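Trainee: just need the structure, nothing else, for what follows:
(4 chains)
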There are 2 protein chains.
Amino acid sequence: MSDLIRLLLADDQDLVRGGLSALLSLEPDIEVVAEVGRGDEVLAALRQHTPDVALVDIEMPGIDGIEAVRQAAGVGLGTRCLIVTTFGRPGYLRRAMDAGAAGFVVKDTPAEQLAAMVRRVAAGQRVVDPALAADSLASGLNPLTERERQMLRAAADGGSIKAIAAQLHLSAGTVRNHLSAAIGKTGAENRHDAARQASDNGWL
Amino acid sequence: MSDLIRLLLADDQDLVRGGLSALLSLEPDIEVVAEVGRGDEVLAALRQHTPDVALVDIEMPGIDGIEAVRQAAGVGLGTRCLIVTTFGRPGYLRRAMDAGAAGFVVKDTPAEQLAAMVRRVAAGQRVVDPALAADSLASGLNPLTERERQMLRAAADGGSIKAIAAQLHLSAGTVRNHLSAAIGKTGAENRHDAARQASDNGWL
DNA sequence: AGTTCTCTATGACAAATGTCAGTTCCTCAG
DNA sequence: CTGAGGAACTGACATTTGTCATAGAGAACT
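Mentor: Reported below is the predicted structural model:
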């Protein structure tokens, strides 16, 4: 067991990444060995630096942080991934853990606790925000089919049903049926409401 | 003129605030004298600590950062405010400068430049992201009336026209007319599209 | 082989929505 | 005082949207 934790930082906001780097570099037992600003740069950086822990944001250009973690878990480099995100959406937590993340914290966690969480993840423990874990269990599994998620993602841009149908190469009637199903499952009033709720739950 | 810049940090995300604090504390000529996590705590902290510069996020609970800057400018404490935000929306920049901000930067600014910007603001200069300034000029003034903005804010939650009418104590027909006007002004297809576009421009 | 689920699609119906024309009231600049 | 413009409202109209019944094709599971 090494006494120095080697860390990779992945966050698209330069100022936030730099801040976290400064914060963690204050710890004597943590060394930031690499920083990336895009999800699709994570895997290459992991291969090059083989850090002990990767701190990964979800919202990033390229691929999102959860996909990046999935890729990292697939190649078996042994890096343990800690998701750090702005939005504590229940579905995010579940998807992150399914993808092989070792931990999940939101960005309004007290700054003093971050280093402790990194150490726990490095030591092989799982770290999860307790309140968020409760939410995740309460909100249940994602009830939407893949097709319904596609419809809601397209609907979130604000276009008409005709536009969505053209975008997905389907008939307008089919789009309406899928959206109607999604509205029913989410308990929403209309497709925009449904898209918002599904997004808030991290289902898209 | 003091050789030590005394700084206030206002950001609702504890991890980001802590990171920025660590980042700026590395600079020998900058001292973080106070941190707050809500917009409505800014004014009291300014009064208590009278810092030279305040670094203020826009998205915060209580009141937003732009309103906090307006309050700060109103009482004439001499603190110069630098807005630091996630979203580089044209309307935000204009509103921030109107409120009396001394500078405006987005969170994907390179971390190494932050201290330099704080120094420039402390020295009495104005600091504005050039690309954003161009966008702001190109996008023009907010074409929406106060009433239309209210409608769009309410519509963004996804409710029906009836729900919006009840919320604002208006008849459904009036709400439809205002929304129709807003749709026309934004060139949107429907009210949800209009709400999204107005929000992206920082008009709400 | 049968069951179940998803995806696709059509047609019909009711409700919600967007548009338009026209009116009243109020405020503010000239 | 007058005119311009915004806010509020009504009624009428066409379009869009949400719902439902129905149905065939394909995949997965028993």
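Trainee: domains for chain A, by residue range?
Mentor: A:5-138, A:146-200 (automatic domain parsing).
Trainee: turn these into a markdown table, including distance to B:Pro90.
Mentor: The C-beta positions use only the backbone N, C-alpha and C, and glycine is treated the same way. Formatted as a markdown table, the domains of chain A follow (distance: least, Cβ to Cβ, whole Å):
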| stretch | distance to B:Pro90 |
| --- | --- |
| domain A:5-138 | 19 |
| domain A:146-200 | 19 |
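Trainee: spatially central, which residue of chain A would that be?
Mentor: A:Ile58 (3.5 Å; Cα atoms, centre = their mean).
Trainee: surely it is in contact with A:Gly88?
Mentor: No - judged on Cβ atoms under 8 Å, A:Ile58 makes no contact with A:Gly88 at a distance of 10.5 Å.
Trainee: how about the least confident helix or strand in chain A by mean pLDDT: buried residues?
Mentor: In chain A, no helix or strand scores lower on mean pLDDT, DSSP states H and E than helix A:130-139, which sits at a mean of 85. Residues A:132, A:135-136, A:139 are the ones in helix A:130-139 that count as buried (16 or more other Cβ atoms under 10 Å in any protein chain shown).
Trainee: for stretch A:167-182, same thing?
Mentor: Using 16+ other Cβ under 10 Å as the test for burial, stretch A:167-182 gives A:168, A:170, A:175-176, A:178-179, A:181-182.
Trainee: the longest helix seen in chain A near chain B anywhere?
Mentor: Counting residues, the longest helix found in chain A (DSSP state H) is helix A:172-186. No - contact of helix A:172-186 with chain B (Cβ under 8 Å from any Cβ of the partner chain) is absent, the minimum separation being 10.4 Å.
Trainee: distance between the helix or strand following that helix and the chain's centre?
Mentor: Counting by DSSP states H and E, the next helix or strand C-terminal to helix A:172-186 is helix A:191-200. Centroid separation for helix A:191-200 versus its chain: 18 Å, with Cα atoms, centre = their mean, to the nearest Å.
Trainee: measure how buried the nearest residue to A:Arg80 once chain neighbours are set aside is and give me the count.
Mentor: Residue nearest to A:Arg80 in three dimensions, not counting chain neighbours: A:Ala102, with 4.1 Å by Cβ to Cβ, 6 or more residues apart in numbering or on different chains. Close neighbours of A:Ala102, defined as other Cβ atoms under 10 Å in any protein chain shown, add up to 23.
Trainee: list the contacts of A:Ala102.
Mentor: The contact partners of A:Ala102, by Cβ atoms under 8 Å, 6 or more residues apart in numbering or on different chains, come to A:53, A:80-82, A:121, A:125-127.
Trainee: okay, these in a markdown table with neighbour count and pLDDT next?
Mentor: Formatted as a markdown table, these follow (neighbours: other Cβ atoms under 10 Å in any protein chain shown; pLDDT from 0 to 100):
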| residue | neighbour count | pLDDT |
| --- | --- | --- |
| A:Val53 | 24 | 97 |
| A:Arg80 | 25 | 96 |
| A:Cys81 | 27 | 97 |
| A:Leu82 | 24 | 97 |
| A:Val121 | 23 | 96 |
| A:Gln125 | 12 | 95 |
| A:Arg126 | 13 | 95 |
| A:Val127 | 19 | 95 |
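Trainee: take those residues and keep only those in strands.
Mentor: Secondary structure defined by DSSP state E assigns A:53, A:80-82, A:127 of the contacts of A:Ala102 to strands.
Trainee: which one of these is nearest to DNA strand D?
Mentor: A:Cys81 (28.6 Å; Cβ to the nearest atom of the strand).
Trainee: how close does that closest one sit to DNA strand C?
Mentor: According to Cβ to the nearest atom of the strand, to the nearest Å, A:Cys81 and DNA strand C sit 29 Å apart.
Trainee: the helix or strand A:Glu35 falls within near chain B anywhere?
Mentor: If you go by DSSP H and E, A:Glu35 is part of strand A:30-36. No - judged by Cβ under 8 Å from any Cβ, strand A:30-36 makes no contact with chain B; its nearest approach is 9.5 Å.
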